[in-house]
Every structure is written in structure tokens, then in C-alpha cells.
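# When you get a sec, could you give me coordinates for this:
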Amino acid sequence: MLSQEIERLVWAAAILLCALTIMFLYLVIKKALEIRKEKHIQKYMDHIHGTIYGYLYQDKKSRHLLPDSSVKFTAIERLLTNYSTVLEGEGKEKITQLADELFKSRYESILRRNKWSSRMNVLYKIDGFRMTVLNEVLKEMIKDYKITKDEKLIIFRCLAYSNNDSLSALFQYISVPFSVLEYRSIINRMDDIAFGQIVSDYHLYPENLQLAIIDIIGIQKKLDFVHFLEGQLDDKQFEIRIRSMKAIGEVGFLSDSLIVERFAQSQQWEERLMAAKVIGKTRVRNGLDVLDILIKDSSWMVRAQAAKAFLSYTDGLERLYDIRFTSDDPFARDMASEWIERGIEDGYSY
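Coordinates of the predicted model:
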């Protein structure tokens, strides 16, 4: 019995050793093949580097840019990726044209696979090259319920770069819980015409997209949309109102100076704070009179912002001195004194 048990253990050990040996040989061979392929890729990259440079900068075409093998395909793809990270303008457009021509069939085939990681990898490349030839495929994909949120976000970004006229409809049709930041990453890529279309359909979108539109107007200082922002200040949603005021301040222009008076009388201190900020950024005609009220506010942050805003006006420092010596509010006098000193130290650069 003992000898049989030992024999079984020997056979089990032998089988395990064989299995490990086979696995080890497989990994060694696989790694050797990968190293060999990588050397061929690097060699071909060195070979066609000058060819791609000539295409991008001298408009020279060559048969060497036809990827008739996986090695050549990968080599060309890597070189174009490297160039796409540093080129803009005409050079970027040439990369897009070449990628559309060379990679369309291969990328479309991968996008139709079930493997998520492969699809994501290709989507990032389409985005990096700003390819447009696959737009119809992407619009078909984004409507598929099996496509993940991450994939749909990249697809929206790709379509935004090409300023696709179906974006507004897709925003309404595709129900995806994107954050405000994610929506901003999409619409930040649109040109003025496409963005104008998105703004015209503003009320058809979910709140996060509305907030992103408002934010982008401020970030990009889109002066043409100030009247649109002013129209959102009567919205029932607090977040819409406060972000619209913030965007107006970032643009630096306000067509209706009475708006800040209304916000300065708000029951919510955040809106009163934003009124002070907007006055400081836009220097509205009635701003100093409103700041005289806000510097007496019950909120320390509102008083501080109001005192700071005084210094954006030519005669603002003089008004602060008046408050310092004549105001009946001790908190207002203290705040005026503090910002008089700051203004003198910083050269009134507010």
C-alpha cells in the first residue's frame, strides 16, 4: 500500500512538473515572439519616419504608408500617435486624413467585437486622431444598450470634434448619467456653430448638461451668450442661477445692471456673494451703490468680497475710506480698513 501511494505521488509530481515545464516554455516562446515582433516594429518605424515626416510637412505620398501587415500597421499607428500629440492646425488635419484612409477598416472591425478593452483602445485612438470617417459607426454604437458609459463618453467626444449635427438629438435620445465635468469635456471641443446649436436646444437637456453649457460660456468667455446667461437668472434651480452669475463674472460683461441689485437682495448668502463678485468683474454702472449695502452684509464672506470689489473701480478706494470713517456699521468699517491696506500694498490690482 505504501509503495502504491509513493508511486502515485511520483506520477502526480511528474505530471505537475511536465505541466509547469510546458507552461514555462510557452511563456518563454511567447515573450521571444513579442520581442522579435517589437524589434520589427521599431525597425519599420525607423524606416518610415522620414516618409511620414515628408507626408506631413512636404505633402509627399508613398507606398510605404500602406499597412499591409500587422507590423507595418502598428509602426505607422505609433508614429502618427506621436505626431498627433504635438501637432495642431494643418498638421493635425493631415494626420486625421491619413488615419481615416489607413485605419478605417481595421478600427471598424475591432469596434464590432465583443471585447470591451479592444473597443475602448480603438475609441481612444479614434479620438486622438480626430477621425471622422467612422462617425456613422459611432452613432450606431452609442444607441446600443450594451455599450458602457465610458465608451459612450468617448464616442460623444469624437463626434463633438467633428461638430456632428446630430449631437443635439443624441444628447436628448441617449440617457447616460454623465457628470457636469464629463459633459464639459464633450462640449468644450465644439466650434462656435455647433455650440450655438447646443445652446438653442438648452431646455431639452438634463440639468447636468445645462450646467456644463453655462460653465463653458464662462470658461471660454463667450460674450455672444451673455444675454442667454442673463435669461437663466430667473430659473427656479439655485445651481442654475448661481453658475450663470459666475459665468457672467468670468465673461466680464453684464448688459442689465439691475440684475446685481436683485441678487444683492437675495435671501441666500451665496447669491449675494456672487453679486459682489460680478460687480468686481464687470464694473456695472450702479455697482458702487450696491457694494455700499453688501459691505454691511451679515456674512463675512459677502462683506470681504464686496470690499475687494470696491477696488476694481477708479474711485473705489475713496469710497472705502468714506466707509472706514463714516459708516455706522463696525463690521463694515473693519472690512474697509483691511482692504484699504491690501489695496495699497497690491497697487489696487483687483
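
# and the residue positioned nearest the centre of the chain, what helix or strand is that in?
Nearest residue to the geometric centre of the chain (CA atoms, centre = their mean): Ser185, 2.5 Å. Using DSSP states H and E, Ser185 maps to helix 180-187.

# that older thread, what separates the residue lying closest to the residue nearest to the centre of the chain once chain neighbours are set aside from Ile187, distance-wise?
Of all residues not flanking Ser185 in the chain, Arg157 sits nearest, at 6.5 Å (CB to CB, 6 or more residues apart in numbering). All C-beta spots, glycine's among them, are computed from the backbone N, C-alpha and C. Arg157 sits 10 Å away from Ile187 when distances are taken as CB to CB, to the nearest Å.

# before we move on, the earlier item: next one: the helix holding Ser185 to chain centre, how far?
Here helix 180-187 is found 5 Å from its chain centre; the criterion is CA atoms, centre = their mean, to the nearest Å.

# just stretch 61-80 next, same as before
Taking mean C-alpha positions (CA atoms, centre = their mean), stretch 61-80 and its chain are 31 Å apart.

# which residues sit against it?
Here stretch 61-80 makes contact (CB atoms under 8 Å, 6 or more residues apart in numbering) with 37, 40-42, 44-45, 47-49, 51-52, 54-55, 95, 98-99, 102-103, 106, 125, 129.

# so who does the residue nearest to Ser185 touch?
By CB under 8 Å, 6+ apart, the neighbours of Arg157 are 127, 185-186, 189.

# any idea which of these is closest to Ser166?
Ile186 (13.5 Å; CB to CB).

# State the distance from the nearest residue to Phe253 once chain neighbours are set aside to Leu66.
Ranked by CB to CB, 6+ apart and with sequence neighbours excluded, the top spatial neighbour of Phe253 is Val226, at 5.4 Å. Look at Val226 and Leu66: by CB to CB, they are 52 Å apart.

# ok, these two, which is more surrounded?
Val226 (21 against 12; other CB atoms under 10 Å).

# mind checking the longest helix of the protein?
For the chain, the helix reaching the highest residue count under DSSP state H is reported as helix 2-58.

# Only the buried residues of the helix or strand that that helix is followed by, if you could.
Using DSSP H and E, the helix or strand that follows helix 2-58 in sequence is helix 70-84. Across helix 70-84, burial judged by 16 or more other CB atoms under 10 Å covers 71-77, 79-80, 83-84.

# Is the residue nearest to Phe253 within a helix or a strand, and which one?
Counting by DSSP H and E, Val226 is found in helix 226-231.

# for the spatially closest residue to Ile193 that is not a sequence neighbour, phi and psi?
Of all residues not flanking Ile193 in the chain, Asn163 sits nearest, at 6.9 Å (CB to CB, 6+ apart). With angles defined as degrees, to the nearest 10, Asn163 sits at phi 50, psi 50.

# Name all residues that make contact with Asn163.
Applying CB under 8 Å, 6+ apart to Asn163 gives the contacts 190-191, 193-194.

# State the distance from Thr96 to Leu80.
Distance from Thr96 to Leu80, by CB to CB: 10 Å.

# Determine the residues that are contacts of both of these two.
Phe129.

# quick revisit: now the buried members of the contacts of Asn163.
190, 194.

# ok, which pair from the contacts of Asn163 is furthest apart?
Met190 and Ile193 (8.2 Å).

# What is the longest helix of the chain packed up against?
helix 70-84, helix 90-111 (3 or more CB pairs under 8 Å, 6 or more residues apart in numbering; DSSP states H and E).

# can you dump the C-alpha coordinates of the shortest one into CSV?
Listed in CSV are the C-alpha atoms of helix 70-84, where the atom choice follows Å, rounded to 0.1, in the frame of the first residue of the first chain:
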residue,chain,number,x,y,z
SER,A,70,0.3,43.9,-38.6
VAL,A,71,3.9,45.1,-38.0
LYS,A,72,3.6,47.9,-40.6
PHE,A,73,0.1,48.9,-39.2
THR,A,74,1.4,49.1,-35.7
ALA,A,75,4.5,51.1,-36.7
ILE,A,76,2.5,53.6,-38.7
GLU,A,77,-0.1,53.9,-35.9
ARG,A,78,2.6,54.6,-33.3
LEU,A,79,4.3,57.3,-35.3
LEU,A,80,1.0,59.1,-36.1
THR,A,81,0.1,58.9,-32.4
ASN,A,82,3.4,60.5,-31.5
TYR,A,83,2.9,63.3,-34.1
SER,A,84,-0.7,63.8,-33.1
